[in-house]
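>>> Mind looking at a prediction? Sequence and model below.
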Amino acid sequence: GAGVSQSPSNKVTEKGKDVELRCDPISGHTALYWYRQSLGQGLEFLIYFQGNSAPDKSGLPSDRFSAERTGGSVSTLTIQRTQQEDSAVYLCASSSQGFEQFFGPGTRLTVL
Amino acid sequence: DQQVKQNSPSLSVQEGRISILNCDYTNSMFDYFLWYKKYPAEGPTFLISISSIKDKNEDGRFTVFLNKSAKHLSLHIVPSQPGDSAVYFCAASAGGANSKLTFGKGITLSVRP
C-alpha cells in the first residue's frame, strides 16, 4: 500500500516569504507527526496530531510555525515570514496503534 | 539539552564483521526505544525496537540490548553488509504508543566490502 507522501520534495524560498508543506499520511493512521532535521542534527519534534484531540504543539520553535490536519487525514505545516534558520528537512510521520512511526521522504526547505 | 545521545558520529567496519552502535539517554521516563535507518534523500525507516521491560530483542541480523541502570542501549548488526551503510538514529518514547519520539543525532555507518 501507499506510504506517507510529502510535497513538495524541495522548496527554495526567500527570507520573509511564507511556505506551506503538505503531508499525506498512511490511510487509516490516526496519529500524525511533524519533525525537522537541521544540518548535522537529529530529528526534532515539532507537532503531533492524534485523532480528534487537541494537537501537541510543544515542539514548535516559534509562533511563525503552525499546522493543521483536515478531516483527520492530510496535514499542512505553515511557516510564516521564513528565516534562514528555518532551512532544514521537514519530515512527516504517521502511526496507527503502535510505537512505530512511518516516515515520508521529507521536504527540503532552503531559505535564501 | 540532549535527552538521547549518540556520541559517536560515525563508524566504519569491514563486511562480515559486527557493527555496534551505541546510544545513551538521560530521561528515566523513556520506556520504549527504537532504531531507525536512513538513506540519503529518504525518510527514516523503522529497524527494531525494545520495551523497557526487556533487555534484549533480536530480529535476524539485528539485536538491540538495553541496560536500564546505565541508561544505555546498543544495536548490534552481524554480519554487517555493504547495504547496511546508512545513518542510524536511536529514538525514545515516554508517552506510550502513538506519542512523540525523541531522537539522537544519528551515527553514520560505513561497511567496507
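Yes, it's here. Here the structure is a predicted model, which means the values were calculated and not measured.

>>> near chain B, which residues of chain A?
Chain A comes close to chain B at residues A:4, A:30-31, A:33, A:35, A:40-45, A:48, A:50, A:56, A:59, A:91, A:93, A:95-106, as judged by Cβ under 8 Å from any Cβ of the partner chain. For the C-beta atoms, the positions are set from N, CA and C on the backbone; glycine is no exception.

>>> So out of everything in chain A, what residue is nearest chain B?
A:Phe103 (3.4 Å; Cβ to the nearest Cβ).

>>> Quick check: pLDDT value at the residue minimising distance to the centre of chain A.
In chain A, the C-alpha nearest the mean C-alpha coordinate belongs to A:Trp34, at 3.5 Å (Cα atoms, centre = their mean). The pLDDT attached to A:Trp34 in the predicted structure is 98.

>>> ok, for it, nearest residue in space, not its chain neighbours?
A:Leu46 (4.2 Å; Cβ to Cβ, 6 or more residues apart in numbering or on different chains).

>>> name the element the one you found belongs to?
Using DSSP states H and E, A:Leu46 falls within strand A:43-50.

>>> try B:Glu58
Assigned by DSSP H and E, B:Glu58 belongs to strand B:56-59.

>>> Tell me the gap between that strand and the middle of its chain.
Remark: strand B:56-59 is offset 12 Å from the chain centroid, using Cα atoms, centre = their mean, to the nearest Å.

>>> State the mean pLDDT of the next helix or strand after that strand.
Sequence order places strand B:62-67 as the next helix or strand after strand B:56-59, per DSSP H and E. When pLDDT is averaged along strand B:62-67, the result is 98.

>>> Which other helices and strands does strand B:62-67 contact?
strand B:32-38, strand B:45-51, strand B:56-59, strand B:72-77 (3 or more Cβ pairs under 8 Å, 6 or more residues apart in numbering or on different chains; DSSP states H and E).

>>> Point out the most buried one among those strands.
Stretch with highest mean neighbour count among the helices and strands packed on strand B:62-67: strand B:32-38 (a mean of 23; mean count of other Cβ atoms under 10 Å in any protein chain shown).

>>> before we move on, back to that, is it correct that the residue of chain A closest to chain B is in contact with B:Lys37?
No - the criterion here is Cβ atoms under 8 Å, and A:Phe103 misses it with B:Lys37 at 10.8 Å.

>>> got any residues that touch both of these two?
B:44-45 (Cβ atoms under 8 Å, 6 or more residues apart in numbering or on different chains).

>>> still on that earlier bit, mind checking which of the residues of chain A next to chain B land in helices?
Among those, no member is found in helices (DSSP state H).

>>> Next one, pLDDT for A:Gln50 please.
Per-residue pLDDT puts A:Gln50 at 90.

>>> Near the residue nearest to it when sequence neighbours are not counted, how many other residues are there?
The shortest distance from A:Gln50 to any non-neighbouring residue, by Cβ to Cβ, 6+ apart, is to A:Ala31 (4.9 Å). Applying other Cβ atoms under 10 Å in any protein chain shown, we find 21 residues neighbouring A:Ala31.
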